[in-house]
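K.L.:
what follows is a predicted protein model with its sequence.
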Amino acid sequence: MQELADWNPELSFKHLTNISNTPLQRRPTLASGLPSVQASAVTVPRVLVCHDFKGGYHPSESSQGRYPFSDTVYTTEYLQYVSTFVYFSHKRVTIPPVSWINLMHRNGIKVLGTFLLENDDGKEEITRVLEKGSEGEFLFATQLARVAETYGFDGWLMNFESSFPTAKFSPLQVQNFLRELKSATHALVPQSEIIWYDALTILNEVHWQNGLTLLNAPFFAASDSLFTNYGWREPDLYHTAAMARAMFRISDIYAGIDCYGRGSLGDGGFGVGTALAVIRDHCLSAALFAPGWTFENFDGKDFQAIDKRFWLGDETSDPTAPGPLADYIEVKESGSEYYFYTNFNRGFGNALWLKGEAWLPWSFTCLLSHTDQI
(Lines give C-alpha, C1' and ligand atoms only; values in the text may rest on other atoms or scores of the structure.)
Protein backbone atom coordinates (compact mmCIF):
# COMPACT_ATOMS: atom_id res chain seq x y z
CA MET A 1 0.00 0.00 0.00
CA GLN A 2 2.88 2.35 0.67
CA GLU A 3 4.30 1.71 -2.79
CA LEU A 4 0.89 2.54 -4.26
CA ALA A 5 0.66 5.70 -2.14
CA ASP A 6 4.11 6.84 -3.31
CA TRP A 7 3.53 6.03 -6.99
CA ASN A 8 3.31 8.81 -9.54
CA PRO A 9 2.96 8.66 -13.34
CA GLU A 10 6.50 9.93 -13.92
CA LEU A 11 7.85 6.66 -12.52
CA SER A 12 6.25 4.71 -15.37
CA PHE A 13 8.16 6.57 -18.07
CA LYS A 14 11.35 4.79 -17.06
CA HIS A 15 9.81 1.68 -18.63
CA LEU A 16 7.87 2.89 -21.65
CA THR A 17 7.46 -0.59 -23.10
CA ASN A 18 5.12 -1.40 -20.20
CA ILE A 19 2.62 1.26 -21.36
CA SER A 20 -0.07 0.31 -23.85
CA ASN A 21 -0.09 2.21 -27.13
CA THR A 22 -3.30 0.66 -28.45
CA PRO A 23 -6.61 2.34 -27.55
CA LEU A 24 -9.71 0.25 -26.92
CA GLN A 25 -11.35 -0.25 -30.29
CA ARG A 26 -15.08 0.10 -30.65
CA ARG A 27 -16.71 -3.30 -31.03
CA PRO A 28 -20.02 -3.21 -32.91
CA THR A 29 -22.89 -5.61 -32.51
CA LEU A 30 -22.54 -8.57 -34.86
CA ALA A 31 -23.74 -7.33 -38.25
CA SER A 32 -26.95 -8.79 -39.57
CA GLY A 33 -26.41 -11.41 -42.23
CA LEU A 34 -23.20 -12.77 -40.75
CA PRO A 35 -23.38 -16.48 -39.90
CA SER A 36 -23.80 -17.28 -36.22
CA VAL A 37 -24.68 -20.54 -34.49
CA GLN A 38 -26.85 -18.51 -32.10
CA ALA A 39 -28.60 -16.38 -34.72
CA SER A 40 -31.94 -16.60 -32.91
CA ALA A 41 -30.95 -18.15 -29.59
CA VAL A 42 -30.85 -16.54 -26.17
CA THR A 43 -27.19 -16.21 -25.18
CA VAL A 44 -25.08 -15.11 -22.22
CA PRO A 45 -24.84 -11.33 -22.76
CA ARG A 46 -21.31 -10.72 -21.49
CA VAL A 47 -18.39 -13.04 -20.74
CA LEU A 48 -15.45 -12.11 -18.55
CA VAL A 49 -12.23 -14.10 -18.64
CA CYS A 50 -10.20 -13.95 -15.43
CA HIS A 51 -6.68 -14.94 -16.43
CA ASP A 52 -4.98 -16.75 -13.54
CA PHE A 53 -2.20 -18.58 -15.38
CA LYS A 54 0.59 -20.06 -13.24
CA GLY A 55 0.72 -17.01 -10.99
CA GLY A 56 1.08 -14.47 -13.79
CA TYR A 57 3.91 -12.32 -15.15
CA HIS A 58 5.81 -14.72 -17.37
CA PRO A 59 8.60 -13.92 -19.88
CA SER A 60 6.30 -14.76 -22.80
CA GLU A 61 3.98 -11.93 -21.73
CA SER A 62 6.55 -9.17 -22.15
CA SER A 63 6.25 -6.69 -25.01
CA GLN A 64 9.36 -8.21 -26.57
CA GLY A 65 8.11 -11.77 -26.31
CA ARG A 66 10.23 -14.71 -25.25
CA TYR A 67 13.26 -15.68 -27.27
CA PRO A 68 14.71 -18.23 -27.65
CA PHE A 69 11.79 -20.43 -26.80
CA SER A 70 11.45 -24.18 -26.41
CA ASP A 71 8.04 -24.88 -24.82
CA THR A 72 4.41 -24.71 -25.87
CA VAL A 73 2.91 -21.35 -24.95
CA TYR A 74 -0.58 -20.54 -23.63
CA THR A 75 -2.69 -18.18 -25.72
CA THR A 76 -6.27 -16.91 -25.51
CA GLU A 77 -7.58 -17.32 -29.03
CA TYR A 78 -11.38 -17.29 -29.03
CA LEU A 79 -11.75 -13.60 -28.38
CA GLN A 80 -14.99 -13.32 -30.35
CA TYR A 81 -16.70 -14.72 -27.24
CA VAL A 82 -15.00 -12.47 -24.67
CA SER A 83 -16.21 -9.04 -23.49
CA THR A 84 -13.83 -8.30 -20.59
CA PHE A 85 -10.41 -9.65 -19.66
CA VAL A 86 -9.12 -9.48 -16.08
CA TYR A 87 -5.44 -10.08 -15.42
CA PHE A 88 -5.21 -11.74 -12.00
CA SER A 89 -2.34 -12.56 -9.68
CA HIS A 90 -1.87 -12.82 -5.93
CA LYS A 91 -0.25 -9.40 -5.67
CA ARG A 92 -1.66 -6.32 -4.00
CA VAL A 93 -1.87 -4.37 -7.25
CA THR A 94 -1.79 -6.33 -10.50
CA ILE A 95 -1.17 -4.31 -13.67
CA PRO A 96 -1.88 -6.22 -16.90
CA PRO A 97 1.21 -6.78 -19.08
CA VAL A 98 1.23 -4.48 -22.09
CA SER A 99 1.11 -7.43 -24.51
CA TRP A 100 -2.30 -8.46 -23.13
CA ILE A 101 -3.61 -4.88 -23.12
CA ASN A 102 -2.66 -4.27 -26.75
CA LEU A 103 -3.98 -7.64 -27.91
CA MET A 104 -7.34 -7.23 -26.19
CA HIS A 105 -7.76 -3.61 -27.21
CA ARG A 106 -7.21 -4.50 -30.86
CA ASN A 107 -10.15 -6.89 -30.51
CA GLY A 108 -12.43 -4.43 -28.69
CA ILE A 109 -12.08 -6.14 -25.27
CA LYS A 110 -11.75 -4.22 -22.01
CA VAL A 111 -8.74 -5.15 -19.85
CA LEU A 112 -8.83 -4.83 -16.05
CA GLY A 113 -6.18 -5.11 -13.39
CA THR A 114 -6.75 -6.58 -9.93
CA PHE A 115 -6.60 -4.99 -6.49
CA LEU A 116 -6.37 -7.81 -3.94
CA LEU A 117 -6.41 -7.99 -0.16
CA GLU A 118 -6.12 -11.49 1.30
CA ASN A 119 -4.50 -13.54 4.07
CA ASP A 120 -2.63 -12.02 7.01
CA ASP A 121 -0.85 -9.29 5.06
CA GLY A 122 -4.21 -8.23 3.63
CA LYS A 123 -5.60 -7.87 7.15
CA GLU A 124 -2.70 -5.60 8.03
CA GLU A 125 -3.01 -3.38 4.96
CA ILE A 126 -6.78 -3.16 4.58
CA THR A 127 -6.82 -0.51 7.30
CA ARG A 128 -5.16 1.87 4.83
CA VAL A 129 -7.74 1.53 2.07
CA LEU A 130 -9.97 4.30 3.40
CA GLU A 131 -7.18 6.83 3.99
CA LYS A 132 -7.91 10.37 2.84
CA GLY A 133 -5.64 12.72 0.93
CA SER A 134 -4.99 16.40 1.57
CA GLU A 135 -8.17 17.43 -0.26
CA GLY A 136 -10.38 14.93 1.56
CA GLU A 137 -10.33 12.48 -1.35
CA PHE A 138 -9.80 8.73 -0.95
CA LEU A 139 -6.08 8.56 -1.65
CA PHE A 140 -6.05 5.03 -3.05
CA ALA A 141 -9.11 5.56 -5.24
CA THR A 142 -7.26 8.41 -6.91
CA GLN A 143 -4.05 6.40 -7.24
CA LEU A 144 -5.73 3.34 -8.76
CA ALA A 145 -7.52 5.50 -11.31
CA ARG A 146 -4.23 7.18 -12.27
CA VAL A 147 -2.45 3.83 -12.59
CA ALA A 148 -5.11 2.58 -15.03
CA GLU A 149 -4.90 5.76 -17.08
CA THR A 150 -1.10 5.77 -17.20
CA TYR A 151 -0.65 2.14 -18.27
CA GLY A 152 -3.62 2.23 -20.63
CA PHE A 153 -6.02 -0.36 -19.23
CA ASP A 154 -9.69 -0.15 -18.39
CA GLY A 155 -10.39 -0.52 -14.68
CA TRP A 156 -10.15 -2.85 -11.71
CA LEU A 157 -11.44 -6.04 -10.17
CA MET A 158 -11.72 -5.17 -6.47
CA ASN A 159 -11.14 -8.36 -4.47
CA PHE A 160 -11.40 -7.87 -0.70
CA GLU A 161 -10.82 -11.25 0.96
CA SER A 162 -9.74 -9.75 4.27
CA SER A 163 -11.95 -8.05 6.83
CA PHE A 164 -11.37 -4.68 8.48
CA PRO A 165 -10.52 -4.30 12.15
CA THR A 166 -13.91 -3.85 13.80
CA ALA A 167 -13.24 -0.30 14.96
CA LYS A 168 -12.21 0.83 11.47
CA PHE A 169 -15.05 -0.71 9.46
CA SER A 170 -17.86 1.33 7.95
CA PRO A 171 -19.88 -0.17 5.09
CA LEU A 172 -20.89 3.34 4.06
CA GLN A 173 -17.25 4.39 3.81
CA VAL A 174 -16.42 1.34 1.70
CA GLN A 175 -19.33 2.28 -0.59
CA ASN A 176 -18.07 5.86 -0.79
CA PHE A 177 -14.58 4.59 -1.63
CA LEU A 178 -15.96 2.45 -4.46
CA ARG A 179 -18.09 5.31 -5.78
CA GLU A 180 -15.09 7.62 -5.81
CA LEU A 181 -12.93 4.98 -7.48
CA LYS A 182 -15.59 4.44 -10.13
CA SER A 183 -16.04 8.16 -10.72
CA ALA A 184 -12.31 8.87 -10.89
CA THR A 185 -11.60 5.95 -13.21
CA HIS A 186 -14.52 6.79 -15.52
CA ALA A 187 -13.27 10.38 -15.73
CA LEU A 188 -9.76 9.32 -16.75
CA VAL A 189 -10.53 6.15 -18.74
CA PRO A 190 -13.67 6.20 -20.92
CA GLN A 191 -15.61 2.90 -20.95
CA SER A 192 -13.77 1.71 -17.84
CA GLU A 193 -15.28 -0.74 -15.37
CA ILE A 194 -15.00 -1.32 -11.62
CA ILE A 195 -16.00 -4.85 -10.56
CA TRP A 196 -16.67 -5.92 -6.97
CA TYR A 197 -15.85 -9.52 -6.13
CA ASP A 198 -18.28 -11.44 -3.92
CA ALA A 199 -16.29 -11.91 -0.70
CA LEU A 200 -16.49 -9.15 1.92
CA THR A 201 -20.02 -8.37 3.15
CA ILE A 202 -21.55 -5.34 4.84
CA LEU A 203 -21.17 -7.27 8.12
CA ASN A 204 -17.38 -7.07 7.70
CA GLU A 205 -17.17 -10.82 7.13
CA VAL A 206 -15.45 -12.65 4.29
CA HIS A 207 -18.50 -14.76 3.50
CA TRP A 208 -18.96 -15.67 -0.16
CA GLN A 209 -22.63 -15.23 -1.12
CA ASN A 210 -22.49 -17.07 -4.48
CA GLY A 211 -24.83 -14.47 -5.90
CA LEU A 212 -26.34 -11.06 -5.27
CA THR A 213 -27.81 -10.75 -1.76
CA LEU A 214 -28.63 -8.06 0.76
CA LEU A 215 -25.15 -8.58 2.23
CA ASN A 216 -23.24 -7.54 -0.90
CA ALA A 217 -25.81 -5.46 -2.84
CA PRO A 218 -24.64 -2.12 -1.34
CA PHE A 219 -21.10 -2.71 -2.66
CA PHE A 220 -22.49 -3.80 -6.04
CA ALA A 221 -24.60 -0.63 -6.12
CA ALA A 222 -21.43 1.45 -5.75
CA SER A 223 -19.61 -0.47 -8.53
CA ASP A 224 -20.17 -1.13 -12.22
CA SER A 225 -20.65 -4.87 -11.80
CA LEU A 226 -20.42 -7.88 -9.49
CA PHE A 227 -18.29 -11.02 -9.96
CA THR A 228 -19.95 -13.74 -7.89
CA ASN A 229 -18.19 -16.62 -6.21
CA TYR A 230 -18.33 -20.02 -7.94
CA GLY A 231 -20.32 -22.16 -5.48
CA TRP A 232 -23.80 -21.11 -6.63
CA ARG A 233 -26.61 -23.42 -7.63
CA GLU A 234 -29.71 -22.57 -9.66
CA PRO A 235 -31.79 -21.28 -6.71
CA ASP A 236 -29.00 -18.78 -5.99
CA LEU A 237 -29.15 -17.48 -9.55
CA TYR A 238 -32.94 -17.31 -9.41
CA HIS A 239 -32.77 -14.95 -6.42
CA THR A 240 -29.80 -13.11 -7.89
CA ALA A 241 -31.62 -12.43 -11.14
CA ALA A 242 -34.76 -11.27 -9.29
CA MET A 243 -32.79 -8.76 -7.21
CA ALA A 244 -30.72 -7.58 -10.19
CA ARG A 245 -33.88 -7.01 -12.25
CA ALA A 246 -35.29 -4.91 -9.43
CA MET A 247 -32.13 -2.80 -9.68
CA PHE A 248 -32.40 -2.74 -13.53
CA ARG A 249 -28.88 -4.22 -13.73
CA ILE A 250 -29.24 -7.88 -14.60
CA SER A 251 -26.41 -8.01 -17.18
CA ASP A 252 -24.05 -6.39 -14.65
CA ILE A 253 -23.89 -9.65 -12.68
CA TYR A 254 -21.04 -11.94 -13.73
CA ALA A 255 -21.88 -15.39 -12.35
CA GLY A 256 -18.54 -17.02 -11.58
CA ILE A 257 -17.39 -20.36 -12.99
CA ASP A 258 -14.16 -21.99 -11.87
CA CYS A 259 -12.70 -23.85 -14.84
CA TYR A 260 -10.95 -26.17 -12.36
CA GLY A 261 -14.26 -27.13 -10.77
CA ARG A 262 -13.70 -26.60 -7.04
CA GLY A 263 -17.42 -26.40 -6.30
CA SER A 264 -18.64 -24.99 -9.61
CA LEU A 265 -21.77 -26.44 -11.17
CA GLY A 266 -20.62 -28.91 -13.83
CA ASP A 267 -17.22 -29.41 -12.13
CA GLY A 268 -15.37 -27.12 -14.53
CA GLY A 269 -13.30 -28.36 -17.45
CA PHE A 270 -15.40 -29.57 -20.34
CA GLY A 271 -18.42 -29.35 -18.04
CA VAL A 272 -18.55 -25.54 -17.97
CA GLY A 273 -21.48 -25.68 -20.39
CA THR A 274 -23.61 -27.00 -17.52
CA ALA A 275 -23.07 -23.75 -15.60
CA LEU A 276 -23.36 -21.56 -18.69
CA ALA A 277 -26.73 -23.06 -19.58
CA VAL A 278 -28.14 -22.05 -16.18
CA ILE A 279 -26.55 -18.59 -16.37
CA ARG A 280 -28.04 -18.10 -19.82
CA ASP A 281 -31.48 -19.16 -18.67
CA HIS A 282 -31.43 -16.42 -16.03
CA CYS A 283 -30.09 -13.77 -18.47
CA LEU A 284 -26.97 -13.11 -16.38
CA SER A 285 -23.42 -12.54 -17.59
CA ALA A 286 -20.64 -15.04 -16.86
CA ALA A 287 -17.09 -14.91 -15.49
CA LEU A 288 -14.68 -17.73 -16.35
CA PHE A 289 -11.93 -18.06 -13.78
CA ALA A 290 -8.68 -19.71 -14.95
CA PRO A 291 -9.56 -20.93 -18.47
CA GLY A 292 -5.83 -21.67 -18.69
CA TRP A 293 -7.02 -25.05 -17.39
CA THR A 294 -6.89 -26.20 -21.02
CA PHE A 295 -3.12 -25.81 -20.86
CA GLU A 296 -2.17 -26.28 -17.21
CA ASN A 297 -4.26 -29.37 -16.50
CA PHE A 298 -2.64 -31.19 -19.43
CA ASP A 299 0.90 -29.78 -19.08
CA GLY A 300 0.56 -28.11 -22.47
CA LYS A 301 0.10 -31.39 -24.33
CA ASP A 302 -2.21 -31.11 -27.37
CA PHE A 303 -3.10 -27.61 -26.19
CA GLN A 304 -4.59 -26.33 -29.44
CA ALA A 305 -6.93 -29.33 -29.80
CA ILE A 306 -7.98 -29.27 -26.12
CA ASP A 307 -8.56 -25.51 -26.13
CA LYS A 308 -10.64 -25.79 -29.30
CA ARG A 309 -12.72 -28.55 -27.73
CA PHE A 310 -13.27 -26.38 -24.63
CA TRP A 311 -14.45 -23.34 -26.58
CA LEU A 312 -15.93 -24.77 -29.79
CA GLY A 313 -16.32 -28.51 -29.32
CA ASP A 314 -15.11 -31.19 -31.71
CA GLU A 315 -15.93 -34.68 -32.91
CA THR A 316 -14.86 -36.16 -29.55
CA SER A 317 -17.49 -34.17 -27.64
CA ASP A 318 -20.36 -36.14 -26.13
CA PRO A 319 -23.53 -35.02 -27.99
CA THR A 320 -25.65 -35.86 -24.92
CA ALA A 321 -23.53 -33.69 -22.60
CA PRO A 322 -23.69 -29.90 -22.22
CA GLY A 323 -22.11 -28.19 -25.19
CA PRO A 324 -18.91 -26.12 -25.35
CA LEU A 325 -18.79 -22.44 -24.49
CA ALA A 326 -19.68 -21.34 -28.02
CA ASP A 327 -23.15 -22.88 -27.66
CA TYR A 328 -24.11 -20.39 -24.96
CA ILE A 329 -22.22 -17.16 -25.66
CA GLU A 330 -23.05 -14.32 -28.01
CA VAL A 331 -20.47 -13.91 -30.76
CA LYS A 332 -18.83 -10.48 -30.77
CA GLU A 333 -17.49 -8.93 -33.94
CA SER A 334 -13.81 -7.95 -34.01
CA GLY A 335 -13.30 -5.12 -36.44
CA SER A 336 -15.64 -2.47 -37.78
CA GLU A 337 -15.88 0.18 -40.46
CA TYR A 338 -13.23 2.09 -38.50
CA TYR A 339 -10.57 -0.59 -38.11
CA PHE A 340 -9.55 -4.11 -38.95
CA TYR A 341 -6.43 -5.89 -37.74
CA THR A 342 -4.80 -9.19 -38.58
CA ASN A 343 -1.34 -10.45 -39.37
CA PHE A 344 -2.56 -14.06 -39.78
CA ASN A 345 -0.15 -15.01 -37.03
CA ARG A 346 -1.00 -17.01 -33.90
CA GLY A 347 1.93 -15.51 -32.00
CA PHE A 348 4.13 -18.57 -31.77
CA GLY A 349 5.47 -21.34 -33.95
CA ASN A 350 7.82 -24.25 -34.26
CA ALA A 351 10.83 -22.31 -35.51
CA LEU A 352 12.38 -19.21 -36.98
CA TRP A 353 13.62 -20.15 -40.44
CA LEU A 354 16.93 -18.97 -41.83
CA LYS A 355 17.87 -19.75 -45.44
CA GLY A 356 15.31 -22.52 -45.59
CA GLU A 357 16.37 -24.24 -42.38
CA ALA A 358 14.77 -24.26 -38.94
CA TRP A 359 16.95 -22.05 -36.75
CA LEU A 360 15.33 -21.50 -33.33
CA PRO A 361 11.90 -21.96 -31.79
CA TRP A 362 10.13 -18.69 -31.03
CA SER A 363 7.22 -17.07 -29.21
CA PHE A 364 5.85 -13.54 -29.27
CA THR A 365 2.62 -12.86 -27.42
CA CYS A 366 1.99 -9.85 -29.63
CA LEU A 367 3.63 -7.85 -32.37
CA LEU A 368 6.44 -5.60 -31.17
CA SER A 369 4.50 -2.48 -30.42
CA HIS A 370 7.28 -0.05 -29.57
CA THR A 371 9.35 0.19 -32.73
CA ASP A 372 11.99 2.32 -31.00
CA GLN A 373 12.89 -0.81 -29.01
CA ILE A 374 13.50 -3.05 -32.02
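P.N.:
Cool, got the structure. Just so you know, these numbers come straight off a predicted model, no measurement behind them. Numbering: from 1, shown residues only.
K.L.:
where in the chain is pLDDT low?
P.N.:
Counting by pLDDT under 70, the chain has low-confidence residues at 29-41, 65-71, 334-351, 360-374.
K.L.:
pick out the residue nearest the middle of it.
P.N.:
Centroid-nearest residue in the chain: Val86, 1.9 Å away (criterion: Cα atoms, centre = their mean).
K.L.:
wait, is it part of a strand?
P.N.:
Yes - assessed by DSSP: H, G, I helix; E, B strand; the rest coil, Val86 belongs to a strand.
K.L.:
my read: it touches Gly56, true?
P.N.:
No - counting by Cβ atoms under 8 Å, Gly56 is not a contact partner of Val86; they are 11.1 Å apart. Just so you know, the C-beta spots here come from the backbone N, C-alpha and C atoms, and that holds for glycine as well.
K.L.:
that older thread, the residue nearest to the centre of the chain bridge partners, please.
P.N.:
The partner list for Val86 in beta bridges (DSSP bridges) reads Cys50, Leu112.
K.L.:
contacts only, for it.
P.N.:
Val86 makes contacts with 48-51, 111-114, 157, 195, as judged by Cβ atoms under 8 Å, 6 or more residues apart in numbering.
K.L.:
by contact count, what packs against the longest helix seen in the chain?
P.N.:
Counting by DSSP state H, the longest helix found in the chain is helix 171-188. Here helix 171-188 touches helix 139-151, strand 155-161, strand 193-197, helix 217-221, going by 3 or more Cβ pairs under 8 Å, 6 or more residues apart in numbering; DSSP states H and E.
K.L.:
buried ones in stretch 86-96?
P.N.:
Neighbour counts over stretch 86-96 (16 or more other Cβ atoms under 10 Å) mark 86-89, 92-96 as buried.
K.L.:
next one: that stretch to chain centre, how far?
P.N.:
Remark: stretch 86-96 is offset 10 Å from the chain centroid, using Cα atoms, centre = their mean, to the nearest Å.
K.L.:
now for it, what's the gap between its first and last residues?
P.N.:
By Cα to Cα, to the nearest Å, the extent of stretch 86-96 from end to end equals 8 Å.
K.L.:
and Gln143, how many neighbours?
P.N.:
Residues contacting Gln143 under the criterion other Cβ atoms under 10 Å number 20.
K.L.:
could you check how far Ala286 is from His90?
P.N.:
23 Å (Cβ to Cβ, to the nearest Å).
K.L.:
can you check Lys168 too?
P.N.:
Distance, Lys168 to His90, using Cβ to Cβ: 24 Å.
K.L.:
Trp156 contacts Leu178, doesn't it?
P.N.:
No - the criterion here is Cβ under 8 Å, and Trp156 misses it with Leu178 at 10.1 Å.
K.L.:
comparing the two, which residue is more hemmed in?
P.N.:
Neighbours per residue, other Cβ under 10 Å: of Trp156 and Leu178, the larger number sits with Trp156, 27 against 22.
K.L.:
need the contact list for the more buried one.
P.N.:
Per Cβ under 8 Å, 6+ apart, neighbours of Trp156: 112-115, 144, 148, 181, 185, 194-195.
K.L.:
of those, just the buried ones, PyMOL syntax please.
P.N.:
Only the buried members of the contacts of Trp156 enter the following PyMOL selection, criterion being 16+ other Cβ under 10 Å:
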select buried, resi 112+113+114+115+144+148+181+185+194+195
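K.L.:
export the contacts of Trp156 to TSV and tack on distance to Gly256?
P.N.:
Putting the contacts of Trp156 into TSV (distance: Cβ to Cβ, whole Å) gives the following:
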residue	distance to Gly256
Leu112	15
Gly113	18
Thr114	14
Phe115	17
Leu144	22
Ala148	23
Leu181	21
Thr185	22
Ile194	17
Ile195	11
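K.L.:
near the closest residue to Gly292 other than its chain neighbours, how many other residues are there?
P.N.:
Residue nearest to Gly292 in three dimensions, not counting chain neighbours: Phe53, with 4.0 Å by Cβ to Cβ, 6 or more residues apart in numbering. Using other Cβ under 10 Å, Phe53 is surrounded by 19 other residues.
K.L.:
the protein: strands as residue ranges?
P.N.:
Assigned by DSSP state E, the strands in the chain fall at 47-51, 84-87, 93-94, 110-118, 155-161, 193-197, 225-227, 253-258, 285-289, 348-354, 357-363.
K.L.:
closest to Ala305 out of the ones you listed?
P.N.:
strand 348-354 (15.5 Å; Cβ to Cβ).
K.L.:
pretty sure Thr76 contacts Val49?
P.N.:
Yes - with contact defined as Cβ under 8 Å, Thr76 reaches Val49; the gap is 6.7 Å.
K.L.:
returning to what we had before: so which of the helices and strands packed on helix 171-188 gets nearest Met1?
P.N.:
helix 139-151 (7.2 Å).
K.L.:
other SSEs contacting that closest one?
P.N.:
helix 2-6, helix 9-12, strand 110-118, strand 155-161, helix 171-188.
K.L.:
partners of the fourth one, with directions?
P.N.:
The reference is to strand 155-161. Here strand 155-161 has these sheet partners by DSSP bridges: strand 110-118 (parallel), strand 193-197 (parallel).
K.L.:
need those in a markdown table (columns: distance to Ala241).
P.N.:
Output for those, formatted as a markdown table (distance: least, Cβ to Cβ, whole Å):
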| stretch | distance to Ala241 |
| --- | --- |
| strand 110-118 | 23 |
| strand 193-197 | 18 |
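K.L.:
now do the contacts for Phe248.
P.N.:
No residues are in contact with Phe248 under the rule Cβ under 8 Å, 6+ apart.
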